[in-house]
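S.K.: Sequence plus predicted model, see below.
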Amino acid sequence: MRSSYVCLSVILCLTASLVAAAQTEDEARPADAPPVVEAEGPPAPAAEPAAEPLEEREQVLVLPTRVPVGSGVDGATLDVLLASALQELGLDPRDAEVVSRELDESAPGLDAARDAYLNMNLEGALEHATAVRGAHLAHRGDLLGDDGLTEAELFMAQVLIDQGRQNEAAELAAEVLAREPSLRLDPADHSQTMLALWSATVLGQRGRDPTAPGEGELAELGREVEVDWVVVGVWREREEAGAGMLVLVVPAAGEEAPSRHQVALGQRSRWAGAVRTALLERFPPPPPPTPPGPPPGIPSGGPGDPNGQVDDDREWYKTWWFWTIVGAVVVGGTAGAIGGYYSTREEQTPETVGEGDVFWPD
């Protein structure tokens, strides 16, 4: 029994010596060394690496869809479908009207032309209006559907009518109508001669397929407004009632070859799907991102943070495995001492002392 107590004492002394040595090593650290602070509770998860900034999405300029005069197809609806499909494919659609407004902020107005017209100076009015038209054309107003360009051209048409140049006025009105087939003039703002010219132009252009803008011109426009792509739809009528074909022209602002995509819209409820399917040919969706793995060089599967990270810098006498061994040794030594005590105890018989009193020796 005495030997068991000796073993237990030796184990406890050895443990105390190891702890004291470790604490002495901590005290021997330099004074300016930062103190080691043990966080309470579960270990904090490892800091995730900073996410890389998302690349700016490619921008696509959506031009107004060109449809024949008097067509039952709503060009504005197609413009919305184009923009929605481009956005679903991860691109950033820009509206032509917004771009036109940004470019034409510094364009001259028609004030000087109107003053000359009121003073019966038709040549001067035409000259000022022509300058205004040229300024808008320099900003690609013919492709963007700019309101300032339309206003200047209608004013020029009125002056040409007053000068007796009906054919030139009709050609100018046809250009306006080709860009804006649904445009109708307000009788309160235009003369009877202008309204008659416009009605005749509408009848002459009814059902005629619109012309598609040149691909080189579209690419130049894309470079000018600093977008990656330009997309415009042109509706082609067919002899069958209600039939037709939407042609999507998609040139790049760079040197890449343009593409054309024919879309059979079919029923109105299927327009969105048909437009999106056609754009997938030019803009295939990007592959899904791969899930991030654990940082390189960090083991996994050990007890620690959620990534299985093990803290190798932790002091050995503060680790869980050290105190587990110490506890096992202490418990084992105590159990051995108690077992040895009872196994070496000799059986003793009661001893008679006095008159029948019995007691057990210690």
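M.R.: Received, thanks.
S.K.: which intervals of the chain have sub-threshold pLDDT?
M.R.: Within the chain, the ranges that satisfy pLDDT under 70 run 1-56, 239-243, 255, 286, 292-362.
S.K.: Now do the strands in it.
M.R.: Ranges of strands in the chain, per DSSP state E, are 59-62, 92-95, 229-237, 244-250, 259-263, 351-353, 357-359.
S.K.: Could you dump the ones you listed into CSV with distance to residue 284 added?
M.R.: The C-beta positions use only the backbone N, C-alpha and C, and glycine is treated the same way. Shown next, in CSV, are those (distance: least, C-beta to C-beta, whole Å):
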stretch, distance to residue 284
strand 59-62, 14
strand 92-95, 17
strand 229-237, 14
strand 244-250, 13
strand 259-263, 12
strand 351-353, 103
strand 357-359, 100
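S.K.: Take these and write them to JSON lines, including distance to residue 127 and mean neighbour count.
M.R.: Output for those, formatted as JSON lines (distance: least, C-beta to C-beta, whole Å; neighbours: other C-beta atoms under 10 Å):
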{"stretch": "strand 59-62", "distance to residue 127": "32", "mean neighbour count": "24"}
{"stretch": "strand 92-95", "distance to residue 127": "33", "mean neighbour count": "18"}
{"stretch": "strand 229-237", "distance to residue 127": "32", "mean neighbour count": "23"}
{"stretch": "strand 244-250", "distance to residue 127": "35", "mean neighbour count": "19"}
{"stretch": "strand 259-263", "distance to residue 127": "40", "mean neighbour count": "15"}
{"stretch": "strand 351-353", "distance to residue 127": "144", "mean neighbour count": "9"}
{"stretch": "strand 357-359", "distance to residue 127": "140", "mean neighbour count": "8"}
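S.K.: which ones are touching residue 160?
M.R.: Contacts of residue 160 were listed using C-beta atoms under 8 Å, 6 or more residues apart in numbering, and they are 126, 166, 168, 169, 172.
S.K.: can we see that at 7 Å?
M.R.: Residues in contact with residue 160 (C-beta atoms under 7 Å, 6 or more residues apart in numbering) are 168, 169, 172.
S.K.: if I look at it, how far off is residue 167?
M.R.: Relative to residue 167, residue 160 is positioned 9 Å away (C-beta to C-beta, to the nearest Å).
S.K.: hang on, the earlier thing: which of the contacts of residue 160 has the largest number of neighbours?
M.R.: residue 169 (24 neighbours; other C-beta atoms under 10 Å).
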